[in-house]
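Asker: Here is my input; please provide its structure:
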Amino acid sequence: MPKFDLTDLRMLLSAIDGGSLTAAAAANNVVVAAVSTRLRRLETSVGLELFERTGRGIRPTLAGEMLARRARQLVDDARNAELELQEFAAGSRGRVRLLSNTNMLSEHMPLALGTFLSANPQINVTVQDKPSFEVVNMLKNGDADIGIVASSADMTGLERWRFMPDRLMLIVPLDSVLSAPAAFSEILDFPMIALREKVALSQFLRRLANELGRKPHIRIRTDSFEALCKMVECGAGIGIVPESAARRYAQHMQYRVLPIAESWTERDLYVCVRKEAQLPRYAALLLSHLLAYVKISA
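Answerer: Purely as a prediction, here's the structure:
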C-alpha cells in the first residue's frame, strides 16, 4: 500500500505549479536535493512515474495529474482543519480569507462586509487587495476562501457567480485640455495621481502601460480614492478611478469625469471559490451573504 504524508503532497503540488524542482524547493524553503528525494520516494511508493523530466523543468504525467487533484483536496482539508482549530482556540468560530480588487474593497465591501460582520459577531474576515490573476492563483492553491475576480482573468477550475460591473473612468481638472473619449496612450502623456504601488489597480494600470512600452509619470501616490480625487481637483494631475467613486466625490469636488476609449475599462467582476462544497461553514455563510448583496444592489 502506498505511503506518503502531507509534506510529500505539498512538494508534489509545488513542483507541478512551479514547473521545476527549484521552484518547489523555494516554495517549501528546502534545498533542491530534498525535493528530489521526496518526489522519487513518492514515485516509488505509488509505483508510477509522476513527472516527465525535461531540460526545461518537469511536467506531470497523467498519473501525476490525477494524484495532484486528490492532493489539493487533502492539503486544503488539512489547512482548513488547522485554521478552524486555531480559531476555536482563539475563542472565535472562524476567519474567512477574502481577496478582492481595489474598486470592490473601496466601493462595495464596506457595506457588504459591515452588514455580514454585524450579523455574525463570531466570524472574522481577513481582506487583501490583489490583482485578479493573483486572486485566481491563491484560490487554486488554497491560500484564500473567496475571491473577487475580473472577467478578463482565466477562472478555469473555479466556481463563480457574477458579482458587479466595474467601470474605470478618467478624472481631470476643470481646465484640462483632455477631452472624451481619451485613449490610454494619450492619458500617459499627462502627470498622474495614483494609489499606492502595491494596490491592485496600480499594478493593473502599470501592466497596461508596460504593454505600450510606456512608464506613467506618477507625481504622488495616495491611500484612497477620495484623496486622489481631491488632488485632481487642486490641479495636481489626472487620475483613473472607478466610476462610482468619481461620481460620488464629484458631488462636492470640482473636476471633470471622462470615459476612457479602451475596452478594458468596462468589465464584470465575479465572486469565485475553488469548491463551494469544500468551504468551511463560516466561509460559506459569507459567500451566501455576498450573493444576496448582489441581488439587493442590482
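
Asker: how about the nearest residue to Val127, chain neighbours excluded?
Answerer: Spatially, and ignoring its direct neighbours in sequence, Val127 is nearest to Leu98 (5.0 Å; Cβ to Cβ, 6 or more residues apart in numbering). Just so you know, the C-beta spots here come from the backbone N, C-alpha and C atoms, and that holds for glycine as well.

Asker: For the one you found, list the residues it contacts.
Answerer: Taking Cβ atoms under 8 Å, 6 or more residues apart in numbering, we find Leu98 in contact with Leu113, Val125, Thr126, Val127, Gln128, Ala144, Asp145, Ile146, Gly147, Ile148, Leu286.

Asker: and with 7 Å instead?
Answerer: Residues in contact with Leu98, defined by Cβ atoms under 7 Å, 6 or more residues apart in numbering, are Val125, Thr126, Val127, Ala144, Asp145, Ile146.

Asker: helix, strand or coil for it?
Answerer: Under DSSP: H, G, I helix; E, B strand; the rest coil, Leu98 falls in the strand class.

Asker: quick one: contacts of the helix or strand encompassing Asn124?
Answerer: According to DSSP states H and E, Asn124 maps onto strand 123-129. Applying Cβ under 7 Å, 6+ apart, the contact partners of strand 123-129 are 92-102, 105, 109, 113, 117, 199-200, 282, 285-286.

Asker: Can you give me the buried ones in it?
Answerer: Across strand 123-129, burial judged by 16 or more other Cβ atoms under 10 Å covers Ile123, Val125, Gln128, Asp129.

Asker: which helices and strands sit right next to the longest helix along the chain?
Answerer: In terms of residue count, the longest helix belonging to the chain (DSSP state H) is helix 62-89. On a contact count with 3 or more Cβ pairs under 7 Å, 6 or more residues apart in numbering; DSSP states H and E, helix 62-89 meets helix 6-18, strand 94-100.

Asker: Indicate which one of the ones you listed is closest to Glu243.
Answerer: Between Glu243 and those, the tightest spacing by Cβ to Cβ is seen for strand 94-100, at 17.2 Å.

Asker: tell me the mean pLDDT for the helix or strand following that closest one?
Answerer: Counting by DSSP H and E, the next helix or strand C-terminal to strand 94-100 is helix 102-107. Helix 102-107 carries an average pLDDT of 77.
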